[in-house]
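Participant: here's a sequence, model it:
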Amino acid sequence: MAGLRAFREAYQPADIRGDLRALPELLKSRAVTIPLLLVVVSAVILVLAVQTSPAGSVVPGPSASPAATVAATPAASAATSPGASVAASPGASSVASDGASVSGSPLGIVASILALLFLGIPSPPAIGGIYLAAILAKRSSYLAGGLAGLFGSLGALGAVIAISPDQASASISVFGQILITSVIFGVLIGAGLGYYRRLLRLMNPTPNRPQNRQKPATRRR
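Facilitator: Prediction:
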């Protein structure tokens, strides 16, 4: 019975007006600034890894978007499934890259991991940033998750344009769909994590701290 009660009480309808009024405070909180910083760092490291990749260690990939080819590693080689590609859309074939990819160097491995978690390359949305934002948010976890999805898509777009400037217009058209999808997924995942966090709090309440009882003063004889 207590478990069912916790499931019911953990559900709280979103106070959209109150959350929008508290949006400036949310934007200055760790739930937004830390994921945003990680997006910027991930994009910079990805661009550096591609630009410093030696020509001999370039991994050829299928004709796909720049984002999908940029994130190719020896572990995710040319046999990457179409569903894992960032540009799984009808217009993806028109965004063929120049064959630049991340090598198997330590920098390339780090870039691939960060790009997957915080940029959503090659599999959007940026699930790492969304989870982190929702966990750090004290309220409005669904807004924090949506913002993290938005930042991840914009960071991926900026990295792809920096790597392939000549494909900027085609990349923007492809990432338009990815941005909308990432924001929607971010809102849903953030809302789910907010519910789960409240559920854990209700099912495992913090025990009351014992009050310090003062010892009665000894009587002097």
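Participant: which strand or helix spans His147?
Facilitator: Actually, residue 147 is Leu rather than His. In this assignment (DSSP states H and E), Leu147 forms part of helix 141-163.
Participant: give me the mean pLDDT for the helix or strand just after that helix.
Facilitator: Helices and strands here follow DSSP H and E; after helix 141-163, the next one along the chain is helix 168-203. Averaging pLDDT along helix 168-203 gives 83.
Participant: hang on, the earlier thing: quick check: angle from the helix holding Leu147 to helix 168-203?
Facilitator: Put simply, helix 141-163 runs at 150 degrees to helix 168-203, going by axes from the mean of the first three to the mean of the last three C-alpha atoms, to 10 degrees.
Participant: determine the set of other helices and strands touching helix 141-163.
Facilitator: Counting contacts by 3 or more C-beta pairs under 8 Å, 6 or more residues apart in numbering; DSSP states H and E, helix 141-163 packs against helix 23-27, helix 30-51, helix 66-70, helix 127-136, helix 168-203. Placement of C-beta: from N, CA and C, glycine included.
Participant: buried ones in the last one?
Facilitator: It stands for helix 168-203. 170-171, 174-175, 177-179, 182-183, 185-187, 189-191, 193-195, 198-199, 202 (16 or more other C-beta atoms under 10 Å).
Participant: and Ile121, how many neighbours?
Facilitator: By the criterion of other C-beta atoms under 10 Å, Ile121 has 34 neighbours.
Participant: correction: Leu116
Facilitator: By other C-beta under 10 Å, 20 other residues sit near Leu116.
Participant: next up, phi/psi of the residue lying closest to Asp19 once chain neighbours are set aside, please.
Facilitator: In space, and not counting its chain neighbours, Asp19 is closest to Ser140: 4.2 Å by C-beta to C-beta, 6 or more residues apart in numbering. Dihedral angles of Ser140 (phi, psi; degrees, to the nearest 10) stand at phi 60, psi 50.
Participant: isn't Ser140 right next to Pro24, touching?
Facilitator: No. Ser140 is beyond contact range of Pro24, at 11.6 Å (criterion: C-beta atoms under 8 Å).
Participant: so Ser182 is in contact with Pro124, correct?
Facilitator: Yes. The pair Ser182 and Pro124 qualifies as a contact (C-beta under 8 Å) at a distance of 5.3 Å.
Participant: what is in contact with those two at once?
Facilitator: Gly152, Ser153 (C-beta atoms under 8 Å, 6 or more residues apart in numbering).
Participant: what's the closest of the helices and strands packed on helix 141-163 to Gly146?
Facilitator: Of all the helices and strands packed on helix 141-163, it is helix 168-203 that lies closest to Gly146, at 4.1 Å by C-beta to C-beta.
Participant: now that closest one against helix 30-51, angle please.
Facilitator: Between helix 168-203 and helix 30-51, the angle formed by their directions is 140 degrees, by the same axes, to 10 degrees.
Participant: and the angle for helix 168-203 with helix 127-136?
Facilitator: 40 degrees.
Participant: mind giving me the packing neighbours of helix 168-203?
Facilitator: Counting contacts by 3+ C-beta pairs under 8 Å, 6+ apart, helix 168-203 packs against helix 2-10, helix 66-70, helix 127-136, helix 141-163.
Participant: check those helices for me: which has the lowest mean pLDDT.
Facilitator: Across the helices and strands packed on helix 168-203, helix 66-70 gives the lowest mean pLDDT, at a mean of 46.
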